[in-house]
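# Build me a structure from this.
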Amino acid sequence: MSDWPKYDLDYLNGRRQRRLRRTGWMRDLVRETTLTPADFIWPLFVIEGQNERTQIRTMPGVERMSIDLLVRAAKEAAAAGIPALALFPNTPDQLRNPDGSEAYNPDNLMCRALRAVKDAVPQIGLIADVALDEYSSDGQDGLVRDGEILNDETVHAMVRSALVQAEAGADIIAPSDMMDGRVAAIRQELDAAGYEHVAIMSYSAKFASAYYGPFREAVGSGQRLLGDKKTYQLDFANTDEALREVAQDIDEGADMVMVKPGLPYLDIVRRVRDSFNVPVFAYQVSGEYTMLKLAGAAGAIDGEAAMMESLWAFKRAGAKGVLTYFALEAARRLGG
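Down below sits the predicted model:
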């Protein structure tokens, strides 16, 4: 060190930024962004059966589970401090059709799952996905006629689906289809049916993304998908369009809005947060989860550290909370 040139660093005496990074307790004390288990929503996949679980090939560590095991998972989530679950059914093939009519069967898999979890774990919030891809035979989120995705007819089917979900115990209805006008229609019919207390979390900025592949396998829509979803999901090159969608959904009665996917779209999260005075959530989608899991398993990254860093990134960008398949793992780590 004696051979090093002598620099006059006196001017730094009042500007040494590293003083606030010197110790762990100091970093904790001045941390700008907080992350707790209460920031997570845990997406879960439901199947028919009893004591049944099936591994999702493209999502390491994530399983589809029967309703009895779903109830057990809900209890684990509540114990870890996770406030809400987002449920997604894998409807049996024989119940799927071009009209997606199983979506509004009051005794469908989703409704039975909602009732079972609400009865067993009433303190946990339940978010019900509303779209037709989980019930249709063509894998599209909307009704298809002669190759065209029908908007208004799809909205009518989704309203019927939202009503049976609310009756089954859903606390939040989450339309994920990106059809025009669906938030207003759902809000109007929920209120008319006496479900004014049921909130709407709209997938307002849902982009046509390559990151959804594992999810489509999980709910059984991937292999049957005809065409793509670019006529209704957002172009990933656009940001102003996303803000217009968010503004319209808020005007129609959305209580909360969502950006999906997550990490590649943090700029959208920040723009929405800065532009609107409503809670904004981000969905860390299946492709993001799988990439982190596989990279960690390969030893390319520290998987657990990358998991936590990614979740903090959502909060730093302005998300009120995150839908993530890491929810239970991360909540337990944060809980010590």
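
# From here on, just use CA atoms for contacts and neighbour counts.
Noted.

# ok, so what distance separates Asp39 from Val285?
Distance of Asp39 to Val285, given as C-alpha to C-alpha, to the nearest Å: 16 Å.

# Now do the helices in the stretch 101-250 of the chain.
109-120, 151-168, 182-192, 213-219, 240-252 (DSSP state H, counting those that start in this stretch).

# any chance of the ones you listed in JSON lines, with distance to Ile56 too?
Formatted as JSON lines, the helices of the stretch 101-250 of the chain follow (distance: least, C-alpha to C-alpha, whole Å):
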{"stretch": "helix 109-120", "distance to Ile56": "18"}
{"stretch": "helix 151-168", "distance to Ile56": "25"}
{"stretch": "helix 182-192", "distance to Ile56": "31"}
{"stretch": "helix 213-219", "distance to Ile56": "6"}
{"stretch": "helix 240-252", "distance to Ile56": "31"}
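
# Can you say which of these is nearest to Thr54?
helix 213-219 (9.6 Å; C-alpha to C-alpha).

# name the helices or strands packed onto that closest one?
Packed against helix 213-219, as judged by 3 or more C-alpha pairs under 8 Å, 6 or more residues apart in numbering; DSSP states H and E, are the following elements: helix 286-297.

# what residues does the helix it packs on touch?
When contacts are defined by C-alpha atoms under 8 Å, 6 or more residues apart in numbering, helix 286-297 is touched by residues 58-60, 210-215, 262-263, 301-304, 306-307, 324-326.

# quick one: which of the residues you listed sit in strands?
Thr324 (DSSP state E).

# Centre of the chain to the lowest-mean-pLDDT helix or strand in the chain, how far?
The helix or strand of the chain with the lowest confidence, counting by mean pLDDT, DSSP states H and E, is helix 213-219 at a mean of 81. Centroid displacement of helix 213-219 relative to its chain, using C-alpha atoms, centre = their mean, to the nearest Å, is 13 Å.

# again with stretch 270-287
Remark: stretch 270-287 is offset 11 Å from the chain centroid, using C-alpha atoms, centre = their mean.

# tell me the average confidence for that stretch?
For stretch 270-287, the mean per-residue pLDDT is 97.

# Let me have it in PDB, keeping just the CA atoms, if that works.
The C-alpha atoms that make up stretch 270-287 are tabulated as PDB, following Å, rounded to 0.1, in the frame of the first residue of the first chain:
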ATOM      1  CA  ARG A 270     -43.500   1.200 -12.800                       C
ATOM      2  CA  ARG A 271     -45.500   3.200 -15.400                       C
ATOM      3  CA  VAL A 272     -48.800   1.800 -14.100                       C
ATOM      4  CA  ARG A 273     -47.800   2.500 -10.500                       C
ATOM      5  CA  ASP A 274     -46.800   6.100 -11.300                       C
ATOM      6  CA  SER A 275     -49.900   6.700 -13.400                       C
ATOM      7  CA  PHE A 276     -52.800   5.300 -11.400                       C
ATOM      8  CA  ASN A 277     -53.800   5.300  -7.800                       C
ATOM      9  CA  VAL A 278     -54.900   1.700  -7.500                       C
ATOM     10  CA  PRO A 279     -53.000  -1.400  -6.300                       C
ATOM     11  CA  VAL A 280     -50.900  -3.000  -9.100                       C
ATOM     12  CA  PHE A 281     -49.800  -6.600  -9.000                       C
ATOM     13  CA  ALA A 282     -47.300  -8.500 -11.100                       C
ATOM     14  CA  TYR A 283     -47.400 -12.100 -12.100                       C
ATOM     15  CA  GLN A 284     -44.100 -13.900 -12.000                       C
ATOM     16  CA  VAL A 285     -45.200 -16.400 -14.700                       C
ATOM     17  CA  SER A 286     -44.400 -20.000 -15.200                       C
ATOM     18  CA  GLY A 287     -41.600 -19.400 -17.700                       C
END
